[in-house]
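Asks: give me coordinates for this.
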Amino acid sequence: MGRLAASLKTLWALAFGLVLVQGLLVQGVVLPYFFPQAHWGHGLAVGGDWILFHTEAQALAERIQREGWGAWALRPPPSFQPMSGITAFFYALTGIPEPYVLLPYNAFLHATAFVVLIRILELLAFPRTYALLGALPFLLFPSHLTWTAQIHRDGLYILGAFLLVYTLLLVLKAPEGFLPWGPLALILWGGLWWVARPHMLFPGGYLLALAGVGLGAWVLLRRRPRVLLAGGSLIVLGLLAPLEAPSPPPLQAPAWRWHPSPYLPARLDGLLARLSETRLAFYHTWPRRPGNLDEGWVPDSAWAHLRYLPRALEVGFLYPGPSLWFTPGGTPLGSLGRAVTPLEMLLTYLAYVGFALWLWRNRRYPWAWVLVLVPILFVWLHVITEPNMGAIYRKRFGFVQILIGVGIAHAFSLLVAWKGPPKDRFLN
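Replies: So this is what the prediction gives:
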């Protein structure tokens, strides 16, 4: 166990250093010298939310210097965005109001998520070598630079997503090992998502509660009191988490109207209506925004949501497809992103094949379906509530990387089984 921990520390340190160097290169070299048309200034790219976070953080940091730390807020006005508050914290703490001071923070989150992804793959019985190979795209896909080399909350969200999946797998696959890491992972998940995207605590909490109920039934059959504590804590935390879900946005279009379903429970029908209202508010807030998908279409009933499900999954897991590769984006950074997207998507499609083979082999185990249902749920929610390709690509990144990791690790295990045992057991 000590050797395992030391190896993970080494991998974490290497990942931290790599992400930090990538961020320094992007801010200090790539944007200002190679792509000046995409450089807004201060190492930030044109057209991103990070410009708002940076400018608000500068103003708040100046106020902190004048009035003290009592002026600091996690979600300061006027945008009430957490990244404005986090960025201002680092600006005021260091006295340097420049985005590069956040690069160690970004690298810390990404490297930690990288190690958690390796642990997820190892929990699925992949050796360290295959787990490392499966997790490498998480470090090497250029798209992660939109938050590790800029200012955004996706690092918090992705780390929380990995902790949620790790906890569910731990409970369903190895419940006797839930203590002590399970409760700690749950607490960290809740805190990270409360900061990054508190509305996602709502579905995440119900997932945990459902897993706890299933685990409780398993305990009653097998009479294992130690595992009962794990199930009970999941139910309690799962039911508490949705209390943080914010109110839905106000409806802005009188012409649109929700049609209640007489066949669904009122609560479920109301939740679907809230999702539609959120999508409607998005289109009214950012009309004809570059990257918007299915502009103006808002499901007006539960049946409309069901009919849209195949399209939502297509967008969420397969877009951008070949028809969008190498096409100009809405911003210089968007055009640059579409130039590197084909490489990422081709590897993603190939990894999906490996994941499908792994799922077929493990289809009898409930824990295997966690890796199907959890990504589908959250990716679908993001497609429904924020139908913009750039936003979807960022928010699905963590969930898709789990599928990619399993697919690559399983592909290597099949290759080794076909060719015989490897001579070099690196890191095993």
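
Asks: going forward, measure contacts between C-alpha atoms and count neighbours the same way
Replies: OK.

Asks: what are the ranges of the helices in the stretch 51-200 of the chain?
Replies: Secondary structure of the stretch 51-200 of the chain, counting by DSSP state H, counting those that start in this stretch: helices at 82-94, 103-123, 128-140, 145-148, 154-173, 181-196.

Asks: okay if I get those as TSV plus mean neighbour count?
Replies: Shown next, in TSV, are these (neighbours: other CA atoms under 10 Å):
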stretch	mean neighbour count
helix 82-94	23
helix 103-123	23
helix 128-140	21
helix 145-148	21
helix 154-173	24
helix 181-196	19
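
Asks: against Asp49, how distant is Thr55?
Replies: To Asp49, Thr55 is 10 Å away according to CA to CA, to the nearest Å.

Asks: list the contacts of Gln22.
Replies: Contact partners of Gln22, counting by CA atoms under 8 Å, 6 or more residues apart in numbering, are Leu145, Ala149.

Asks: name the helices or strands packed onto the host helix or strand of Trp358?
Replies: Element membership for Trp358 (DSSP states H and E) is helix 332-361. Secondary-structure packing of helix 332-361 (3 or more CA pairs under 8 Å, 6 or more residues apart in numbering; DSSP states H and E): helix 389-419.

Asks: how about the helices of the stretch 51-200 of the chain, which one is nearest Gly321?
Replies: Set against Gly321 and scored by CA to CA, those come closest in helix 128-140, at 18.9 Å.

Asks: any idea of the mean pLDDT in the closest one?
Replies: If you average the pLDDT over helix 128-140, you get 95.

Asks: how about stretch 262-271?
Replies: Computed over stretch 262-271, the average pLDDT equals 88.

Asks: run the chain-centre distance for that stretch.
Replies: For stretch 262-271, the distance from its own C-alpha centre to the chain's C-alpha centre is 28 Å (CA atoms, centre = their mean, to the nearest Å).

Asks: could I get the buried residue list for that stretch?
Replies: Applying a neighbour-count criterion of 16 or more other CA atoms under 10 Å, one finds Asp269, Gly270 buried in stretch 262-271.

Asks: distance between the ends of that stretch?
Replies: 14 Å.

Asks: show residues contacting that stretch.
Replies: Contacts to stretch 262-271, defined as CA under 8 Å, 6+ apart, come from residues Pro260, Ser261, Ala302.

Asks: which among those residues gets closest to Ile187?
Replies: When the contacts of stretch 262-271 are ranked by distance to Ile187 (CA to CA), Ala302 comes first, at 33.3 Å.

Asks: just the contacts of stretch 262-271 now: which is nearest Phe397?
Replies: Distance to Phe397 across these (CA to CA) is lowest for Ala302, with 27.2 Å.

Asks: ok, now which ones touch the closest one?
Replies: With CA under 8 Å, 6+ apart as the criterion, the residues that contact Ala302 are Pro260, Ser261, Asp269, Leu272, Ala273.

Asks: gap between it and Leu271?
Replies: Taking CA to CA as the measure, Ala302 and Leu271 are separated by 10 Å.

Asks: check which element follows the worst-scoring helix or strand of the chain on mean pLDDT along the chain.
Replies: With mean pLDDT, DSSP states H and E as the measure, the helix or strand of the chain carrying the lowest mean pLDDT is helix 225-240 (a mean of 47). Toward the C-terminal end, the helix or strand that comes next after helix 225-240 (DSSP H and E) is helix 266-285.

Asks: what comes up buried for that next one?
Replies: Of the residues in helix 266-285, those buried by neighbour count under the rule 16+ other CA under 10 Å are 269-270, 272-283.

Asks: chain center to that helix: distance?
Replies: If you compare the mean C-alpha spot of helix 266-285 with that of the full chain, they lie 21 Å apart, counting by CA atoms, centre = their mean.

Asks: go on, stretch 76-90?
Replies: From the chain centre to the centre of stretch 76-90 is a distance of 20 Å (CA atoms, centre = their mean).

Asks: identify the residues contacting it?
Replies: In contact with stretch 76-90 (CA under 8 Å, 6+ apart) are residues 52-54, 56-58, 60-61, 72-75, 97, 99, 101-102, 151-153, 195-196.

Asks: redo that, cut-off 7 Å
Replies: With contact meaning CA atoms under 7 Å, 6 or more residues apart in numbering, stretch 76-90 is reached by 53-54, 56-58, 60-61, 73-75, 101-102, 152-153, 195-196.

Asks: out of those, which is nearest to Ala161?
Replies: Comparing every one of the contacts of stretch 76-90 with Ala161 (CA to CA), the shortest separation belongs to Ala196, at 11.1 Å.

Asks: can you pull the contacts of the closest one?
Replies: So Ala196 contacts Pro82, Arg153, Leu156, Tyr157 (CA under 7 Å, 6+ apart).

Asks: what do you get for His305?
Replies: With contacts defined as CA under 7 Å, 6+ apart, His305 is in contact with Pro299.

Asks: is it within a helix or a strand, and which one?
Replies: Under DSSP H and E, the secondary-structure element containing His305 is helix 302-318.

Asks: any low-confidence regions in the stretch 101-250 of the chain?
Replies: Using pLDDT under 70 as the threshold, the predicted model of the stretch 101-250 of the chain has low-confidence ranges 209-250.

Asks: need the contacts of Ala196 in TSV (columns: distance to Leu172).
Replies: Shown next, in TSV, are the contacts of Ala196 (distance: CA to CA, whole Å):
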residue	distance to Leu172
Pro82	33
Arg153	29
Leu156	25
Tyr157	23
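
Asks: which of those residues lies closest to Arg66?
Replies: Out of the contacts of Ala196, the member with the shortest distance to Arg66 (by CA to CA) is Pro82, at 21.4 Å.

Asks: spatially central residue in this protein, please.
Replies: Most central in the chain under CA atoms, centre = their mean is Ile158, positioned 3.4 Å from the mean C-alpha point.

Asks: the closest residue to that residue other than its chain neighbours: how many residues sit nearby?
Replies: With sequence-adjacent residues excluded and distances taken as CA to CA, 6 or more residues apart in numbering, Ile158 is closest to Gly398, at 5.1 Å. Neighbour count for Gly398, taken as other CA atoms under 10 Å: 25.

Asks: residue numbering should commence at 16 henceforth.
Replies: With the count now opening at 16, the last piece we talked about shows up as Gly413.

Asks: Gly413 touches Gly175, doesn't it?
Replies: No - assessed by CA atoms under 7 Å, Gly413 is found out of contact with Gly175, at 9.3 Å.

Asks: does Tyr367 touch Ile419 like I think?
Replies: Yes - counting by CA under 7 Å, Tyr367 touches Ile419, with 6.5 Å between them.

Asks: higher neighbour count, the two?
Replies: Set side by side, Tyr367 and Ile419 give different neighbour counts by other CA under 10 Å, the larger being at Ile419 (26 against 20).

Asks: good, we can wrap up now.
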